[in-house]
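Enquirer: predicted model, plus sequence, below.
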Amino acid sequence: MRVLALNCGSSSVKSALIDAASGRRVHEMQVEKIDSEADLKSAVVRVLSDYQRLALAPEAVAHRVVHGGEKFVAPTRLDDAVLNEIDRLSVLAPLHNPPAVTAIRQALQSLPDVPHVAVFDTAFHATLPEHAREYALPNDVRQRLGIRRFGFHGINHSHVAASVADYLQISPRIICCHLGNGASVTAIEQGRSVDTSMGMTPLEGLVMGTRAGDVDPGVLLQLFRSGEFGVEALDELLNKRSGLKGLTGVNDMREIEKRASAGDENCQRAITLYAYRVRKYIGAYAAAMGGVDVVAFTGGVGENSSLIRARCVERLDFLGITLDESRNRAARPSADDPIVPLGSKSSRVHVLAVRADEELAIAREAAMTLDR
Ligand code: ADP
């Protein structure tokens, strides 16, 4: 089945036409620098009509949706009722769900004769056990306001889990480090997410491009009380001005590595802080699963930065995690070679770089849903 994978954010439309059985990318198109809802709609119209014009009409459309809330724990065939539900979840993902809803509505209008499926970034984490899902807040507050951990990047974490299990021919305990602009770590046991570093929102966990990750919630109270930050200003501070950007002025890891090697101390410090946080989560999730068989690195930083990978597993030899430095330096997973081993011969744990491919993952999930 030829599935068109559509991944629409507030500023870009990424698309790929994928033969779901073989995983082959037949064609792909991207539109960047979108700056309004009207722009987004017209980008979707343009992309869809370009595929038609090239005689590449899809048999189904797979849409990436960030937040599926409590309800959507599996890919779901789209209709007006489902779309309205997704729209209602916008309160949980105000930056991500609204553009997806706009794009889906437009795509349903432009291509009414093929099935559309929503694939959710939270769904893989529906298996989180209660002890990993709940915050220690009063029961009535949590229940009344629906406060709980959801986790994100599930489309790629589950893609990595399935690819690695297939590659090693076992069902390993995996710690998957998705290090992109956003970043999260997931503990995966028997193919299921058992803990993950992002929480109710994508703000929790690792140091990211522009997000701080874990901070003492008391800091937020302090900032709020200072009078300098209202709710909107805090939102902007935590989502857009923190993390690597806050520490160094830029959010691009490549640039930060370059400046660090030229002697920039802020960049050196940011790399240390970033890698230390990842290392803490690896240790924590090894403890959560009573051990670990695979550490996987994925996402733009995880796939490409040998420096960051090395720093993230420093001092983890006590867990049986050791890198082969030359393999690590050379490793660049690609479409033809999506999984590259990085561990030394004596490493008890497999250390792998795994190519993220969200378009392939959502196309496959949609095809499986429609085949059922
Ligand atoms: P997104 O989360 O937006 O999909 P990506 O997964 O593409 O982002 O990751 C983007 C990040 O990957 C950027 O910080 C970029 O600098 C970093 N990156 C890409 N290539 C390299 C590289 N060779 N070395 C270090 N960082 C890299």
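Expert: Sure thing, it's come through.

Enquirer: neighbours of whichever residue of the stretch 251-372 of the chain sits closest to the ligand, how many?
Expert: Using Cβ to the nearest ligand atom, the closest approach of the stretch 251-372 of the chain to the ligand is made by Gly300 at 2.2 Å. For every residue, glycine as well, the C-beta is placed using N, CA and C. Burial of Gly300 is recorded as 17 neighbouring residues (other Cβ atoms under 10 Å).

Enquirer: need the three-state assignment for the nearest residue to Gly154 once chain neighbours are set aside.
Expert: Nearest residue to Gly154, sequence neighbours excluded (Cβ to Cβ, 6 or more residues apart in numbering): Phe124, at 3.1 Å. Judged by DSSP: H, G, I helix; E, B strand; the rest coil, the three-state class of Phe124 is helix.

Enquirer: pLDDT value on Phe124, please?
Expert: pLDDT for Phe124: 98.

Enquirer: can you pull the contacts of Leu203?
Expert: Counting by Cβ atoms under 8 Å, 6 or more residues apart in numbering, Leu203 touches 211-213, 238-239.

Enquirer: tell me which element the residue of the stretch 251-372 of the chain closest to the ligand falls in.
Expert: Taking DSSP states H and E as the criterion, Gly300 maps to helix 299-304.

Enquirer: what's the closest of the contacts of Leu203 to the ligand?
Expert: Closest to the ligand, out of all of these and judged by Cβ to the nearest ligand atom, is Arg211, at 11.2 Å.

Enquirer: neighbours of that closest one, how many?
Expert: Using other Cβ under 10 Å: Arg211 sits among 28 other residues.

Enquirer: look up phi and psi at it.
Expert: For Arg211, the backbone dihedrals (degrees, to the nearest 10) come out as phi -110, psi 140.

Enquirer: dump the residue contacts of the spatially closest residue to it that is not a sequence neighbour.
Expert: Closest residue to Arg211 apart from its sequence neighbours, by Cβ to Cβ, 6+ apart: Gly243 at 4.8 Å. Taking Cβ under 8 Å, 6+ apart as the criterion, Gly243 is in contact with 207-213, 251.

Enquirer: so which pair among those residues is furthest apart in space?
Expert: Gly213 and Asn251 (13.2 Å; Cβ to Cβ).

Enquirer: give me phi/psi at the residue positioned nearest the centre of the chain?
Expert: In the chain, the centroid-proximal residue (Cα atoms, centre = their mean) is His153; its distance is 2.6 Å. With angles defined as degrees, to the nearest 10, His153 sits at phi 60, psi 20.

Enquirer: swap in Tyr276?
Expert: Torsion angles, degrees, to the nearest 10, at Tyr276: phi -60, psi -40.

Enquirer: burial of it, as a residue count?
Expert: 14.

Enquirer: same deal with Asp324?
Expert: 17.

Enquirer: let me see the ranges of the helices in the stretch 201-350 of the chain.
Expert: 217-225, 231-240, 243-248, 253-261, 265-289, 299-304, 306-312, 325-330 (DSSP state H, counting those that start in this stretch).

Enquirer: buried stuff in the longest one?
Expert: I take that to be helix 265-289. 267-268, 270-271, 274-275, 277-279, 281-283, 285-286, 288-289 (16 or more other Cβ atoms under 10 Å).

Enquirer: ok so, going back, can you pull the buried residues of the helix holding Gly300?
Expert: Across helix 299-304, burial judged by 16+ other Cβ under 10 Å covers 299-304.

Enquirer: off-centre distance for that helix?
Expert: 12 Å (Cα atoms, centre = their mean, to the nearest Å).

Enquirer: circling back to that earlier point, check the contacts of Gly243 against the ligand, which are close?
Expert: With Cβ under 6 Å from any ligand atom as the criterion, those include Gly209 near the ligand.

Enquirer: just put the contacts of Gly243 in JSON lines and tack on pLDDT.
Expert: Output for these, formatted as JSON lines (pLDDT from 0 to 100):
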{"residue": "Val207", "pLDDT": "98"}
{"residue": "Met208", "pLDDT": "97"}
{"residue": "Gly209", "pLDDT": "96"}
{"residue": "Thr210", "pLDDT": "96"}
{"residue": "Arg211", "pLDDT": "96"}
{"residue": "Ala212", "pLDDT": "96"}
{"residue": "Gly213", "pLDDT": "98"}
{"residue": "Asn251", "pLDDT": "96"}
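
Enquirer: just the contacts of Gly243 now: which is nearest Gln222?
Expert: Ala212 (13.8 Å).

Enquirer: ramachandran angles for the closest one?
Expert: Backbone torsions for Ala212, taken as degrees, to the nearest 10, come to phi -70, psi -20.

Enquirer: mind checking pLDDT for the closest residue to it other than its chain neighbours?
Expert: Using Cβ to Cβ, 6+ apart and skipping residues adjacent in sequence, the residue nearest Ala212 is Ser242, 3.7 Å away. For Ser242, the model assigns a pLDDT of 97.

Enquirer: from the ligand, how far out is the residue nearest to Arg241 when sequence neighbours are not counted?
Expert: Nearest residue to Arg241 in three dimensions, chain neighbours excluded: Thr210, at 6.6 Å (Cβ to Cβ, 6+ apart). Thr210 sits 10 Å away from the ligand when distances are taken as Cβ to the nearest ligand atom, to the nearest Å.

Enquirer: hey, where'd the strands end up in the stretch 51-200 of the chain?
Expert: Using DSSP state E, counting those that start in this stretch, the strands of the stretch 51-200 of the chain run over residues 60-65, 76-77, 116-120, 174-179, 183-189, 192-196.

Enquirer: so the fifth one, near the ligand or not?
Expert: I take that to be strand 183-189. No. Contact of strand 183-189 with the ligand (Cβ under 6 Å from any ligand atom) is absent, the minimum separation being 7.7 Å.
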